[in-house]
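> okay, sequence plus prediction incoming.
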Amino acid sequence: MPSVLVTREIFPETLQRLAGHFEVTPNEGDQTWAPGALARSLAGHEGVLVAGGERIDAALLDANPQLKAVCNMAVGYNNIDVAACTARGVLVTNTPDVLTETTADFGFALMMATARRIAEGEHYLRAGKWTRWSYNLLTGSDVHGATLGILGMGRIGQGIARRGALGFGMQVIYHNRSRLPADQEASIQARYVSKEELLREADHLVLVLPYSPASHHAIGAAELALMKPTATLTNIARGGIVDDAALAEALKQGTIAAAGLDVFEGEPSVHPGLLEVPNVVLTPHIASATVRTRRAMADLAADNLIAALTGGRAPTPVNP
Ligand code: DGY
(Lines give C-alpha, C1' and ligand atoms only; values in the text may rest on other atoms or scores of the structure.)
Protein backbone atom coordinates (compact mmCIF):
# COMPACT_ATOMS: atom_id res chain seq x y z
CA MET A 1 0.00 0.00 0.00
CA PRO A 2 1.37 3.50 -0.82
CA SER A 3 1.68 5.80 2.13
CA VAL A 4 0.36 9.35 2.31
CA LEU A 5 0.60 12.30 4.69
CA VAL A 6 -2.37 14.51 5.56
CA THR A 7 -1.02 17.82 6.84
CA ARG A 8 -4.23 19.04 8.51
CA GLU A 9 -6.88 17.60 10.76
CA ILE A 10 -9.71 16.70 8.39
CA PHE A 11 -13.05 14.92 8.65
CA PRO A 12 -12.76 11.34 10.04
CA GLU A 13 -14.88 10.01 7.14
CA THR A 14 -12.38 11.38 4.60
CA LEU A 15 -9.46 9.91 6.56
CA GLN A 16 -11.24 6.55 6.69
CA ARG A 17 -11.74 6.60 2.93
CA LEU A 18 -8.05 7.33 2.42
CA ALA A 19 -7.21 4.50 4.83
CA GLY A 20 -8.99 2.09 2.46
CA HIS A 21 -6.28 2.82 -0.13
CA PHE A 22 -3.20 3.97 1.77
CA GLU A 23 -1.13 3.86 4.92
CA VAL A 24 -2.21 7.27 6.21
CA THR A 25 -0.18 9.54 8.48
CA PRO A 26 -2.72 12.04 9.85
CA ASN A 27 -1.95 15.28 11.66
CA GLU A 28 -3.43 14.42 15.04
CA GLY A 29 -4.12 17.56 17.03
CA ASP A 30 -3.76 19.71 13.91
CA GLN A 31 -0.15 20.66 14.76
CA THR A 32 1.43 23.61 12.97
CA TRP A 33 4.40 22.63 10.80
CA ALA A 34 7.67 24.19 11.97
CA PRO A 35 10.02 25.24 9.14
CA GLY A 36 11.61 22.13 7.65
CA ALA A 37 9.34 19.72 9.57
CA LEU A 38 7.04 19.06 6.62
CA ALA A 39 9.93 18.06 4.34
CA ARG A 40 11.22 15.63 7.00
CA SER A 41 7.77 14.19 7.74
CA LEU A 42 7.19 13.49 4.05
CA ALA A 43 9.99 10.90 4.02
CA GLY A 44 8.62 7.64 2.66
CA HIS A 45 5.28 9.14 1.55
CA GLU A 46 4.21 9.09 -2.08
CA GLY A 47 1.35 11.50 -1.70
CA VAL A 48 0.35 14.44 0.45
CA LEU A 49 -2.85 16.36 1.15
CA VAL A 50 -1.85 19.93 1.93
CA ALA A 51 -3.56 23.22 2.72
CA GLY A 52 -2.70 26.78 1.76
CA GLY A 53 -0.31 27.44 4.62
CA GLU A 54 2.13 24.71 3.60
CA ARG A 55 4.80 25.59 1.07
CA ILE A 56 5.78 22.90 -1.40
CA ASP A 57 8.97 24.04 -3.10
CA ALA A 58 11.90 22.63 -5.03
CA ALA A 59 13.96 21.96 -1.89
CA LEU A 60 11.14 19.94 -0.31
CA LEU A 61 10.65 18.00 -3.55
CA ASP A 62 14.38 17.27 -3.87
CA ALA A 63 14.41 15.97 -0.29
CA ASN A 64 11.47 13.68 -1.19
CA PRO A 65 12.05 12.20 -4.65
CA GLN A 66 9.50 9.44 -3.87
CA LEU A 67 6.67 12.02 -3.87
CA LYS A 68 4.20 11.55 -6.75
CA ALA A 69 1.19 13.71 -5.88
CA VAL A 70 0.55 16.96 -4.02
CA CYS A 71 -3.18 17.50 -3.51
CA ASN A 72 -4.12 20.95 -2.26
CA MET A 73 -7.27 21.36 -0.18
CA ALA A 74 -7.88 24.81 -1.67
CA VAL A 75 -8.61 26.30 -5.05
CA GLY A 76 -5.68 28.74 -4.83
CA TYR A 77 -2.32 27.00 -5.13
CA ASN A 78 0.24 29.75 -4.81
CA ASN A 79 1.70 27.75 -1.88
CA ILE A 80 2.94 25.19 -4.43
CA ASP A 81 5.77 25.65 -6.90
CA VAL A 82 3.88 24.04 -9.76
CA ALA A 83 6.77 24.38 -12.23
CA ALA A 84 9.11 22.58 -9.82
CA CYS A 85 6.52 19.80 -9.37
CA THR A 86 5.99 19.46 -13.12
CA ALA A 87 9.73 19.30 -13.74
CA ARG A 88 9.96 16.38 -11.29
CA GLY A 89 6.87 14.57 -12.56
CA VAL A 90 4.81 15.36 -9.44
CA LEU A 91 1.07 15.80 -10.01
CA VAL A 92 -0.53 18.89 -8.42
CA THR A 93 -4.29 19.12 -7.87
CA ASN A 94 -6.62 21.73 -6.32
CA THR A 95 -10.30 21.98 -5.35
CA PRO A 96 -12.15 24.27 -7.79
CA ASP A 97 -15.97 24.57 -8.07
CA VAL A 98 -16.89 23.01 -4.71
CA LEU A 99 -16.23 26.27 -2.86
CA THR A 100 -17.37 28.82 -5.42
CA GLU A 101 -20.80 29.75 -4.05
CA THR A 102 -19.74 29.55 -0.39
CA THR A 103 -16.81 31.86 -1.04
CA ALA A 104 -18.95 34.26 -3.09
CA ASP A 105 -21.47 34.36 -0.20
CA PHE A 106 -18.68 35.33 2.16
CA GLY A 107 -17.21 37.93 -0.17
CA PHE A 108 -20.59 39.57 -0.48
CA ALA A 109 -21.18 39.37 3.28
CA LEU A 110 -17.78 40.92 4.01
CA MET A 111 -18.41 43.69 1.50
CA MET A 112 -21.78 44.40 3.12
CA ALA A 113 -20.33 44.31 6.64
CA THR A 114 -17.68 46.79 5.50
CA ALA A 115 -20.08 49.15 3.72
CA ARG A 116 -22.60 49.10 6.58
CA ARG A 117 -19.99 49.22 9.38
CA ILE A 118 -21.39 46.12 11.09
CA ALA A 119 -18.19 45.19 12.95
CA GLU A 120 -17.69 48.78 14.13
CA GLY A 121 -21.27 48.79 15.39
CA GLU A 122 -20.75 45.56 17.27
CA HIS A 123 -17.54 46.80 18.92
CA TYR A 124 -19.26 50.07 19.83
CA LEU A 125 -22.17 48.29 21.47
CA ARG A 126 -20.01 45.75 23.35
CA ALA A 127 -17.83 48.60 24.61
CA GLY A 128 -20.92 50.08 26.29
CA LYS A 129 -20.78 53.26 24.17
CA TRP A 130 -24.38 53.10 22.91
CA THR A 131 -26.45 55.58 24.89
CA ARG A 132 -29.15 56.68 22.40
CA TRP A 133 -30.45 56.30 18.85
CA SER A 134 -28.89 58.94 16.65
CA TYR A 135 -29.22 60.05 13.02
CA ASN A 136 -25.50 60.10 12.32
CA LEU A 137 -24.39 57.07 14.31
CA LEU A 138 -22.17 54.80 12.19
CA THR A 139 -23.64 55.88 8.86
CA GLY A 140 -22.20 53.78 6.07
CA SER A 141 -22.78 53.53 2.33
CA ASP A 142 -25.52 51.74 0.42
CA VAL A 143 -24.87 48.46 -1.30
CA HIS A 144 -28.12 48.24 -3.31
CA GLY A 145 -27.93 50.27 -6.49
CA ALA A 146 -24.23 51.06 -6.01
CA THR A 147 -21.42 50.28 -8.47
CA LEU A 148 -19.77 46.97 -7.69
CA GLY A 149 -16.23 46.62 -9.03
CA ILE A 150 -14.70 43.18 -9.33
CA LEU A 151 -11.00 42.63 -9.99
CA GLY A 152 -10.56 39.08 -11.31
CA MET A 153 -13.50 37.36 -12.98
CA GLY A 154 -13.20 33.64 -12.44
CA ARG A 155 -15.90 31.46 -10.92
CA ILE A 156 -15.99 33.30 -7.58
CA GLY A 157 -15.96 36.72 -9.22
CA GLN A 158 -18.92 35.68 -11.36
CA GLY A 159 -20.75 34.46 -8.25
CA ILE A 160 -20.27 37.85 -6.62
CA ALA A 161 -21.34 39.65 -9.79
CA ARG A 162 -24.57 37.59 -9.91
CA ARG A 163 -25.35 38.39 -6.30
CA GLY A 164 -24.73 42.09 -6.88
CA ALA A 165 -26.57 42.50 -10.18
CA LEU A 166 -29.50 40.16 -9.70
CA GLY A 167 -29.97 40.39 -5.93
CA PHE A 168 -29.06 43.99 -5.14
CA GLY A 169 -29.58 45.91 -8.40
CA MET A 170 -25.92 46.92 -8.52
CA GLN A 171 -24.11 48.11 -11.65
CA VAL A 172 -21.34 45.57 -12.04
CA ILE A 173 -18.04 46.48 -13.67
CA TYR A 174 -15.00 44.22 -13.80
CA HIS A 175 -11.43 43.95 -14.93
CA ASN A 176 -9.66 40.69 -15.62
CA ARG A 177 -6.70 39.36 -17.61
CA SER A 178 -9.18 38.19 -20.23
CA ARG A 179 -12.65 39.43 -21.01
CA LEU A 180 -15.63 37.07 -20.63
CA PRO A 181 -17.59 36.07 -23.75
CA ALA A 182 -20.51 38.44 -24.42
CA ASP A 183 -23.20 35.91 -23.42
CA GLN A 184 -21.51 35.31 -20.06
CA GLU A 185 -21.18 39.05 -19.45
CA ALA A 186 -24.87 39.42 -20.27
CA SER A 187 -25.93 36.62 -17.92
CA ILE A 188 -24.24 38.29 -14.95
CA GLN A 189 -24.92 41.83 -16.22
CA ALA A 190 -21.25 42.79 -15.92
CA ARG A 191 -19.38 45.38 -18.00
CA TYR A 192 -15.67 45.07 -18.78
CA VAL A 193 -13.59 48.18 -18.00
CA SER A 194 -9.91 49.09 -17.70
CA LYS A 195 -8.28 48.64 -14.30
CA GLU A 196 -8.09 52.41 -13.92
CA GLU A 197 -11.80 52.86 -14.65
CA LEU A 198 -12.60 50.07 -12.22
CA LEU A 199 -10.67 51.82 -9.46
CA ARG A 200 -12.16 55.23 -10.22
CA GLU A 201 -15.78 54.10 -10.61
CA ALA A 202 -16.34 51.35 -8.02
CA ASP A 203 -18.28 52.18 -4.87
CA HIS A 204 -17.38 48.73 -3.58
CA LEU A 205 -14.34 46.97 -5.00
CA VAL A 206 -13.94 43.22 -4.41
CA LEU A 207 -10.69 41.37 -5.17
CA VAL A 208 -10.99 37.81 -6.42
CA LEU A 209 -7.90 37.32 -8.58
CA PRO A 210 -5.30 34.60 -8.03
CA TYR A 211 -1.96 35.51 -6.45
CA SER A 212 1.11 35.35 -8.68
CA PRO A 213 4.19 37.55 -9.08
CA ALA A 214 2.11 39.48 -11.66
CA SER A 215 -0.63 40.28 -9.12
CA HIS A 216 1.75 41.10 -6.23
CA HIS A 217 0.65 44.48 -4.81
CA ALA A 218 -1.89 44.93 -7.61
CA ILE A 219 -3.49 47.31 -5.11
CA GLY A 220 -0.95 49.70 -3.60
CA ALA A 221 -0.80 53.39 -2.73
CA ALA A 222 -1.16 54.54 -6.36
CA GLU A 223 -4.25 52.38 -6.96
CA LEU A 224 -5.87 53.35 -3.65
CA ALA A 225 -5.36 57.01 -4.54
CA LEU A 226 -7.50 56.51 -7.65
CA MET A 227 -10.46 55.19 -5.63
CA LYS A 228 -13.34 57.31 -4.33
CA PRO A 229 -12.93 58.50 -0.74
CA THR A 230 -16.33 56.89 -0.07
CA ALA A 231 -15.33 53.53 -1.59
CA THR A 232 -14.77 50.23 0.18
CA LEU A 233 -12.24 47.52 -0.67
CA THR A 234 -12.82 43.83 0.07
CA ASN A 235 -10.08 41.21 -0.32
CA ILE A 236 -11.05 37.53 -0.27
CA ALA A 237 -8.35 36.52 -2.78
CA ARG A 238 -4.87 36.30 -1.29
CA GLY A 239 -2.63 38.36 0.92
CA GLY A 240 0.11 40.00 -1.14
CA ILE A 241 -2.34 41.21 -3.79
CA VAL A 242 -2.84 44.25 -1.55
CA ASP A 243 0.07 46.23 -0.12
CA ASP A 244 -1.21 46.05 3.47
CA ALA A 245 1.04 48.88 4.71
CA ALA A 246 -0.30 51.19 1.98
CA LEU A 247 -3.86 50.11 2.76
CA ALA A 248 -3.45 50.78 6.48
CA GLU A 249 -2.20 54.29 5.66
CA ALA A 250 -5.06 54.86 3.18
CA LEU A 251 -7.61 53.83 5.79
CA LYS A 252 -5.98 56.09 8.36
CA GLN A 253 -5.91 59.07 5.98
CA GLY A 254 -9.43 58.51 4.63
CA THR A 255 -8.19 57.89 1.08
CA ILE A 256 -10.92 55.22 1.00
CA ALA A 257 -13.74 54.77 3.48
CA ALA A 258 -13.25 51.21 4.69
CA ALA A 259 -11.91 47.74 3.93
CA GLY A 260 -12.92 44.14 4.58
CA LEU A 261 -10.03 41.69 4.63
CA ASP A 262 -10.09 37.91 4.91
CA VAL A 263 -6.49 37.44 3.71
CA PHE A 264 -3.23 39.16 4.63
CA GLU A 265 0.38 39.48 3.56
CA GLY A 266 2.33 37.07 5.76
CA GLU A 267 -0.81 35.69 7.44
CA PRO A 268 -1.52 34.70 10.17
CA SER A 269 0.41 37.88 11.02
CA VAL A 270 -1.57 41.04 10.36
CA HIS A 271 0.07 44.39 9.60
CA PRO A 272 -0.07 46.37 12.89
CA GLY A 273 -1.41 49.42 11.06
CA LEU A 274 -4.52 47.46 10.11
CA LEU A 275 -5.14 46.49 13.73
CA GLU A 276 -5.04 50.16 14.75
CA VAL A 277 -7.69 51.58 12.40
CA PRO A 278 -11.40 51.16 13.14
CA ASN A 279 -12.63 51.21 9.53
CA VAL A 280 -11.54 47.70 8.59
CA VAL A 281 -13.30 44.38 9.12
CA LEU A 282 -10.74 41.62 9.71
CA THR A 283 -11.49 37.89 9.42
CA PRO A 284 -9.08 34.93 9.61
CA HIS A 285 -9.16 33.49 6.05
CA ILE A 286 -12.56 31.81 6.43
CA ALA A 287 -14.27 32.61 3.13
CA SER A 288 -14.74 28.92 2.25
CA ALA A 289 -15.36 27.83 5.86
CA THR A 290 -18.74 26.14 6.01
CA VAL A 291 -18.91 22.56 7.21
CA ARG A 292 -20.35 21.33 3.92
CA THR A 293 -17.82 23.12 1.76
CA ARG A 294 -14.79 22.21 3.84
CA ARG A 295 -15.94 18.58 3.69
CA ALA A 296 -16.36 18.84 -0.08
CA MET A 297 -12.86 20.34 -0.39
CA ALA A 298 -11.30 17.54 1.67
CA ASP A 299 -13.28 14.91 -0.27
CA LEU A 300 -12.23 16.30 -3.65
CA ALA A 301 -8.59 16.45 -2.52
CA ALA A 302 -8.92 12.81 -1.39
CA ASP A 303 -10.50 11.81 -4.74
CA ASN A 304 -7.52 13.41 -6.46
CA LEU A 305 -5.02 11.59 -4.25
CA ILE A 306 -6.71 8.22 -4.66
CA ALA A 307 -6.88 8.58 -8.44
CA ALA A 308 -3.30 9.82 -8.68
CA LEU A 309 -1.78 6.93 -6.74
CA THR A 310 -4.02 4.09 -7.94
CA GLY A 311 -3.63 4.59 -11.68
CA GLY A 312 -6.78 6.69 -12.17
CA ARG A 313 -7.35 10.13 -13.62
CA ALA A 314 -7.28 12.91 -11.02
CA PRO A 315 -10.54 14.93 -11.34
CA THR A 316 -9.01 18.40 -10.92
CA PRO A 317 -5.34 18.49 -11.92
CA VAL A 318 -3.42 21.76 -12.01
CA ASN A 319 -0.52 20.46 -14.09
CA PRO A 320 -1.11 18.01 -16.94
C1 DGY B 1 -8.82 28.58 -1.28
O2 DGY B 1 -9.47 27.57 -1.54
O3 DGY B 1 -7.94 29.00 -2.04
C4 DGY B 1 -9.13 29.27 -0.01
O5 DGY B 1 -8.51 30.50 0.08
C6 DGY B 1 -8.73 28.40 1.15
O7 DGY B 1 -7.34 28.42 1.25
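Everything's here; your move.

> which helix or strand contains the residue of the stretch 151-300 of the chain found nearest the ligand?
Across the stretch 151-300 of the chain, the shortest distance to the ligand (Cβ to the nearest ligand atom) belongs to Ser288, at 4.9 Å. Placement of C-beta: from N, CA and C, glycine included. Ser288 is part of no helix or strand, with elements assigned from DSSP states H and E.

> now do the contacts for it.
Listed by Cβ atoms under 8 Å, 6 or more residues apart in numbering, the contact partners of Ser288 are 74-75, 99, 102-103, 106, 294, 297.

> now, which of those sits nearest Ile118?
Distances from Ile118 to the contacts of Ser288, taken as Cβ to Cβ, are shortest for Phe106 (13.7 Å).

> how close does that closest one get to the ligand?
10 Å (Cβ to the nearest ligand atom, to the nearest Å).

> and the pLDDT at that residue?
Per-residue confidence (pLDDT) for Phe106: 99.

> neighbours around it, how many?
24 (other Cβ atoms under 10 Å).

> in space, not sequence, find me the middle residue of the protein.
The centre of the chain sits closest to Ala237, judged by Cα atoms, centre = their mean, with a distance of 3.8 Å.

> that older thread, number of nearby residues for the residue nearest to the residue of the stretch 151-300 of the chain closest to the ligand when sequence neighbours are not counted?
Distance criterion Cβ to Cβ, 6 or more residues apart in numbering; nearest residue to Ser288, sequence neighbours excluded, is Leu99 at 4.2 Å. Other residues lying near Leu99 total 24 when counted by other Cβ under 10 Å.

> list the contacts for Leu99?
The contact partners of Leu99, by Cβ under 8 Å, 6+ apart, come to 75, 288, 293, 296-297.

> and those as TSV, adding pLDDT and secondary structure?
Output for these, formatted as TSV (pLDDT from 0 to 100; DSSP: H, G, I helix; E, B strand; the rest coil):
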residue	pLDDT	secondary structure
Val75	97	coil
Ser288	98	coil
Thr293	98	helix
Ala296	98	helix
Met297	98	helix
